[in-house]
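Engineer: my questions concern the predicted model and sequence given below.
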Amino acid sequence: MAFSTLVSVLAIREILVVRLEQEIEKYLTQEVEEFRRLTQGKNPSTAQPFGDDVAAIFDVFLSRNIPHENAFLITLLNEKLYKSSPQVLPIALKPNSALIEHWLKLKQPKQGKEFISNHTIYYVAEPILKGKTQGVFVVIYSISSAHQQVNRAVVVVIQVTIAVLAIASVLAWIVAGRLLAPLSLLIETAHLITESDLSRRIPVQGVDQIAELSITFNQMLDRLETAFASQRNFINDASHELRTPITIIRGHLELLGDDPQERRETVELVTDELDRMSRFVDDLLLLAKAEQPNFLNLQTVDISLLIGELYTKATALAQRDWRLENKGVGLIVADRQRLTQAIMNLAQNATQYTSDGDVIALGSEVLNGYAYFWVRDTGVGIAPTDQERIFERFARGSHSYRRSEGAGLGLSIVRAIATAHGGRVELKSKLGEGSTFTLIIPLDPPFGDSV
């Protein structure tokens with residue numbers, strides 16, 4: 001604000017000076033034009049043209065025109081100062097001065113500016129020749145006093161702007177303090193947030209941008225709190241899943257005897273537990289890779305052939321009433337292996353929650369630019385409260401009468417694969433009636449060939 005005020009004051013002064021100079025130039029031009037018209041007119045005393053009587057022209061003009069407060073009218077006749085208005089002239093304009101001597105020698109009109117005795121003057125000199133009589137008419141304007149008036153006006157402007165600046169600064173300080181109070185609270189809240197305490201939130205007041213910032217910050221804290229909670233749960237679940245096979249392996253190795261049969265049984269048990277741990281680690285690595293840009297290896301896949309191959313593979317998983325409900329016709333740009341992995345996970349999951357003779361059906365369909373792959377079973381079903389939770393890592397249905405041998409990562413992998421393709425997984429299920437898992441994948445992924 002202070003810088004803007006300074007620039008404004010300087011601009012005001014410059015504008016006033018320019019306008020003053022324009023007014024002076026206009027005044028000088030007007031006086032000379034009037035003098036020229038008079039030289040072409042008649043002498044009011046005789047009603048006859050002036051002829052060669054230059055002195056009469058000067059007398060009539062000086063008698064009719066009163067110069068401006070800061071102006072001087074000077075007439076030079078036959079190389080001498082004839083008359084002036086007013087009669088009292090500055091020392092620099094006295095007879096025999098350098099300027100007078102300069103004007104006496106003029107043969108052509110001249111306009112200029114001179115600096116004399118700490119004064120700046122503007123002038124227009126108009127030579128006149130009538131017969132053998134030579135004269136010079138000079139209009140002079142001293143700008144020094146006018147500059148003083150401009151400076152006095154600028155001083156008033158400075159005083160007013162300083163007062164306005166002081167008042168505006170105080171008001172701006174008060175208003176800014178109130179507006180920035182939520183930011184101070186935000187900073188304080190951010191300092192109080194720790195890894196173990198993400199529960200603090202900023203009170204939202206009003207509907208301005210500060211309020212919007214507070215809402216955004218609170219939403220960010222919600223996401224961070226969820227992420228930290230998910231991380232803690234993941235670490236706890238992962239450590240629990242690994243602790244069990246490690247405990248089993250250690251216990252059997254500590255009790256390992258010399259009997260060959262016992263050794264074989266122990267080796268088989270340890271190998272099985274190590275295989276389970278290996279599958280668990282592989283699943284975790286797969287979920288981690290699902291967030292990387294090179295997770296998918298895209299190619300053009302025939303949907304009809306893919307669902308036929310998947311049905312053939314699924315029938316070898318368990319003795320169930322396997323059915324192929326529909327074979328969609330069309331092509332999809334996708335990762336064939338990842339889709340196979342996702343649908344086989346769903347099929348394997350269906351076998352674990354069904355019994356011999358239960359129906360497990362696979363199918364595919366192309367509709368509105370999307371490919372639909374589903375796995376339907378007539379098993380125990382999933383409770384409504386569990387239908388979203390089971391897609392989380394290490395989650396299992398709470399109402400199932402049997403438990404999966406896995407670590408609860410299968411459905412998380414399925415959702416990760418669908419998301420990587422730009423699609424999603426939908427679930428429809430009722431307790432006691434079975435479940436239907438559907439992968440919905442766009443025929444052309446939104447990320448193109450960059451994956």
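Structural biologist: Cool, the structure landed. Residues are numbered from 1 along each chain as shown.
Engineer: drop to CA atoms for contacts and neighbour counts, all remaining ones
Structural biologist: Fine.
Engineer: mind checking what helix or strand follows the helix ranked longest in the chain in sequence?
Structural biologist: Counting residues, the longest helix found in the chain (DSSP state H) is helix 144-192. Per DSSP states H and E, the first helix or strand lying C-terminal to helix 144-192 is helix 209-254.
Engineer: pLDDT (mean, whole number) over the helix or strand just after that next one?
Structural biologist: Using DSSP H and E, the helix or strand that follows helix 209-254 in sequence is helix 260-289. The average of the pLDDT scores along helix 260-289 is 75.
Engineer: tell me what angle helix 260-289 forms with helix 209-254.
Structural biologist: 170 degrees (axes from the mean of the first three to the mean of the last three CA atoms, to 10 degrees).
Engineer: following helix 260-289, which helix or strand comes up?
Structural biologist: strand 299-302.
Engineer: which other residues reach that following strand?
Structural biologist: Under the contact criterion CA atoms under 8 Å, 6 or more residues apart in numbering, strand 299-302 has outside partners 329-336.
Engineer: show the buried residues in those residues.
Structural biologist: Among those, the ones that count as buried by 16 or more other CA atoms under 10 Å are 331-336.
Engineer: okay, those residues in a markdown table with distance to Q40 and pLDDT next?
Structural biologist: Formatted as a markdown table, the buried ones among the contacts of strand 299-302 follow (distance: CA to CA, whole Å; pLDDT from 0 to 100):
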| residue | distance to Q40 | pLDDT |
| --- | --- | --- |
| L331 | 102 | 94 |
| I332 | 101 | 93 |
| V333 | 99 | 93 |
| A334 | 101 | 92 |
| D335 | 103 | 90 |
| R336 | 106 | 91 |
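Engineer: among those, which ones are in helices?
Structural biologist: R336.
Engineer: okay, the buried ones among the contacts of strand 299-302 in TSV with distance to E212 next?
Structural biologist: Below are the buried ones among the contacts of strand 299-302 laid out as TSV (distance: CA to CA, whole Å):
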residue	distance to E212
L331	45
I332	42
V333	41
A334	40
D335	41
R336	44
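Engineer: which among the buried ones among the contacts of strand 299-302 gets closest to A314?
Structural biologist: Among the buried ones among the contacts of strand 299-302, R336 lies closest to A314 (CA to CA), at 15.8 Å.
Engineer: any idea how far that closest one lies from V88?
Structural biologist: As for R336, its distance to V88 is 109 Å (criterion: CA to CA, to the nearest Å).
Engineer: wait, which of the contacts of strand 299-302 is closest to P260?
Structural biologist: R336 (45.7 Å).
Engineer: excluding its backbone neighbours, what's nearest the closest one?
Structural biologist: V301 (6.7 Å; CA to CA, 6 or more residues apart in numbering).
Engineer: so how far is A168 from L38?
Structural biologist: Counting by CA to CA - L38 and A168 are separated by 58 Å.
Engineer: now do R279
Structural biologist: Distance, R279 to A168, by CA to CA: 70 Å.
Engineer: compare L38 and A168 (neighbour count), which wins?
Structural biologist: L38 (17 against 13; other CA atoms under 10 Å).
Engineer: pLDDT wise, what is that one at?
Structural biologist: L38 is given a pLDDT of 87.
Engineer: run through the bridge partners of the spatially closest residue to T315 that is not a sequence neighbour.
Structural biologist: Here the nearest residue to T315 in space, its sequence neighbours aside, is W322; by CA to CA, 6+ apart that works out to 6.3 Å. Judged by DSSP bridges, the bridge partners of W322 are I360.
Engineer: please apply the same query to the one 10 residues further on.
Structural biologist: When assigned by DSSP bridges, I332 has beta-bridge partners V301.
Engineer: my guess is it meets F373, correct?
Structural biologist: No - contact criterion CA atoms under 8 Å: I332 and F373 do not qualify, at 11.9 Å.
Engineer: which element, helix or strand, includes I343?
Structural biologist: helix 336-352.
Engineer: what does that helix rub up against?
Structural biologist: 296, 298-299, 301, 310, 314, 317-318, 320, 360, 373-377, 379, 402-404, 410-411, 413-414, 417, 437.
Engineer: just the buried residues of the residues you listed.
Structural biologist: 296, 298, 301, 310, 314, 318, 320, 360, 373-377, 379, 410-411, 413-414, 417, 437.
Engineer: check which residues of the longest strand along the chain are buried.
Structural biologist: If you go by DSSP state E, the chain has its longest strand at strand 119-130. Within strand 119-130, the residues that count as buried by 16+ other CA under 10 Å are 121-128.
Engineer: just to revisit the earlier point, tally up the residues packed near the residue nearest to T315, please.
Structural biologist: W322 has 20 nearby residues by other CA under 10 Å.
Engineer: is it true that it touches G363?
Structural biologist: No - in this structure W322 lies outside contact range of G363 using CA under 8 Å: 11.1 Å.
Engineer: so who does T120 touch?
Structural biologist: Per CA under 8 Å, 6+ apart, neighbours of T120: 113-114, 142-144.
Engineer: which one of those residues sits closest to A2?
Structural biologist: S144 (29.5 Å).
Engineer: skip the chain neighbours and tell me the closest residue to the closest one.
Structural biologist: Nearest to S144 is H119, by CA to CA, 6+ apart, at 5.6 Å.
Engineer: nearest residue to I128 in space, please, no chain neighbours.
Structural biologist: G135 (5.1 Å).
Engineer: W173: neighbouring residues, count only.
Structural biologist: 12.
Engineer: look up how far I210 lies from it.
Structural biologist: 17 Å.
Engineer: before we move on, the earlier item: what's the pLDDT at the residue nearest to S144?
Structural biologist: At H119, pLDDT is 75.
Engineer: please tell me I have it right and it contacts S142.
Structural biologist: Yes - at 6.8 Å, H119 counts as touching S142 under the criterion of CA under 8 Å.
Engineer: buried ones from the contacts of T120, can you make that a PyMOL selection?
Structural biologist: Selection command for PyMOL covering only the buried members of these, criterion 16+ other CA under 10 Å:
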select buried, resi 142+143
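Engineer: closest to A71 out of the contacts of T120?
Structural biologist: Taking CA to CA as the measure, A71 lies nearest S142 of those, at 6.2 Å.
Engineer: which non-adjacent residue is nearest the closest one?
Structural biologist: Closest to S142 by CA to CA, 6+ apart is I121, at 4.4 Å.
Engineer: contacts only, for the one you found.
Structural biologist: So I121 contacts 113-115, 140-144 (CA under 8 Å, 6+ apart).
Engineer: for it, give its distance to L62.
Structural biologist: Using CA to CA, I121 is found at 20 Å from L62.
Engineer: tell me how many other residues crowd L180.
Structural biologist: Other residues lying near L180 total 12 when counted by other CA under 10 Å.
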